[in-house]
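**Student:** What follows is a predicted protein model with its sequence.
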Amino acid sequence: MSTPPPPPGPAPLDLPTVRTAPKALLHDHLDGGLRPATVLELAHHCGYDGLPADDADTLAGWFAEAAGSGSLERYLQTFAHTVAVMQTPEGLQRVARECVADLAADGVVYAEIRFAPEQHLERGLTLDEVVHHTLLGFEDGTAQARDAGHDIRIGCLLTAMRHAARSREIAELAVRFRDRGVVGFDIAGAEAGHPPSRHLDAFEHMRANNAHFTIHAGEAFGLPSIHEAIAFCGADRLGHGVRITDDISVDDDGRARLGRLANYVRDKRIPLELCPSSNVQTGAVPSLERHPFDLLARLRFRVTVNTDNRLMSATSMSEEMVKLASTFDYGWSDLERFTINAMKSAFIPFPDRLRVIEEVVKPGYALLAG
Ligand SMILES: O=c1[nH]cnc2c1ncn2[C@H]1C[C@H](O)[C@@H](CO)O1
Ligand SMILES: [Zn+2]
């Protein structure tokens, strides 16, 4: 007997079905997405004895709880354990390979994965070696996913830590590896007290080389950070940028008034890499229900859906989309729009972006929309 054709009309917007939809992810940290079992195994191999748990379930629970304290600084402390097991060629390659496998299995077709090479030098690797091994892992993962029937493309972003002083060096590294899989640059880490303008020479190097960069801004700190990232640094995109709502007021009758900065971000179509679960965990927003994602989407900002750190937020790209859809009553056309927004904002060449939109994203959502 042949399988009956799917019933007419839209497919159910539930987790198993969203996992089959083509998705694009711009903001995902390599050191925030390890499998708990891999953290344990790598710790065992490299002799790291600082883990707070010794079985995978307890460890997964520990990360989610510790990261959910409501403070970005406390959230960031949890990365000490993942970074500790990513100090060897094997560790970096395995984490990168598994990252691709997990995203591909979740239906992600394009992802930009970021990490900070300067945090992986503890066991003697050079910056170039760290990037080289990580890219090998991405390549392996991509080839294995293709063999398993999942086409996925990965671009790597190199992050500099904003409290440190190596951003120029990391920007140079990003440009050096631009033809080998690195597609851009970023700064991350504690935001308050570390304005983006401290790293102007790094951004100047990127701009001088016609290279792309995003900046974590408007997460734990508000408008001044976003303003600097755009006006002084020239960021192509905003990592989070959620606090742009500090420049938007909504009247009792529902009419939104935008200040100059919010207008500029919208007019210039500056992409916002919104990370709903992470924003709740770090206290950037009080709850998912009160997340300004929907306000920004309705005001037609270029909103994108992202995971930030899948391990710390115990989430996936599909779960973030399902949570948003059930909270704000989104349908397939909304999820398609957010995905196209992400592809339009990707740091790969324009024809490549178009190809994913036309050949993968649109046909995929057309099927689901029924
Ligand atoms: O959401 C974040 N805001 C600021 N920094 C972050 C966030 N998620 C991860 N990081 C930091 C911790 C990682 O070790 C580093 C590089 O991926 O980036
Ligand atoms: Zn982030």
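**Tutor:** It's in. Ligands and ions are numbered 1, 2, ... in the order given.
**Student:** Could you use CA atoms for every contact and neighbour count after this?
**Tutor:** Noted.
**Student:** Residue 361 should be in a strand, yeah?
**Tutor:** No. Assessed with DSSP: H, G, I helix; E, B strand; the rest coil, residue 361 is helix; it does not lie in a strand.
**Student:** chain center to stretch 235-249, what's the gap?
**Tutor:** Centroid separation for stretch 235-249 versus its chain: 15 Å, with C-alpha atoms, centre = their mean, to the nearest Å.
**Student:** The stretch 1-150 of the chain against ligand 1: which residues are in contact?
**Tutor:** Proximity of the stretch 1-150 of the chain to ligand 1 (C-alpha under 6 Å from any ligand atom) is limited to residues 29, 31, 76, 79, 114-116.
**Student:** okay, the residues you listed in CSV with pLDDT next?
**Tutor:** As requested, these are exported to CSV (pLDDT from 0 to 100):
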residue, pLDDT
29, 98
31, 98
76, 93
79, 98
114, 99
115, 99
116, 98
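**Student:** Columns neighbour count on top of these, output as CSV?
**Tutor:** As requested, those are exported to CSV (neighbours: other C-alpha atoms under 10 Å):
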residue, neighbour count
29, 22
31, 27
76, 16
79, 16
114, 27
115, 25
116, 25
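**Student:** Which members of those are the farthest-apart pair?
**Tutor:** Across those, the longest distance by C-alpha to C-alpha is 15.0 Å; it joins 76 and 114.
**Student:** returning to what we had before: for the residues of the stretch 1-150 of the chain next to ligand 1, give me a markdown table that also has distance to residue 271 and secondary structure.
**Tutor:** Below are these laid out as a markdown table (distance: C-alpha to C-alpha, whole Å; DSSP: H, G, I helix; E, B strand; the rest coil):
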| residue | distance to residue 271 | secondary structure |
| --- | --- | --- |
| 29 | 18 | strand |
| 31 | 23 | helix |
| 76 | 24 | helix |
| 79 | 26 | helix |
| 114 | 17 | strand |
| 115 | 20 | strand |
| 116 | 22 | coil |
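**Student:** just the strands in this structure please.
**Tutor:** 23-29, 108-115, 153-161, 182-188, 214-217, 237-240, 248-250, 256-258, 272-274, 303-305 (DSSP state E).
**Student:** Report whether the fourth one contacts ligand 1.
**Tutor:** Yes. Applying C-alpha under 6 Å from any ligand atom, one finds strand 182-188 touching ligand 1 at residue 188.
**Student:** my read: residue 53 touches residue 59, true?
**Tutor:** Yes. When contacts are counted by C-alpha atoms under 8 Å, residue 53 is listed as touching residue 59 (5.1 Å).
**Student:** if you count what's nearby, which of the two comes out ahead?
**Tutor:** Remark: of residue 53 and residue 59, residue 59 carries more neighbours, 20 against 14, as counted by other C-alpha atoms under 10 Å.
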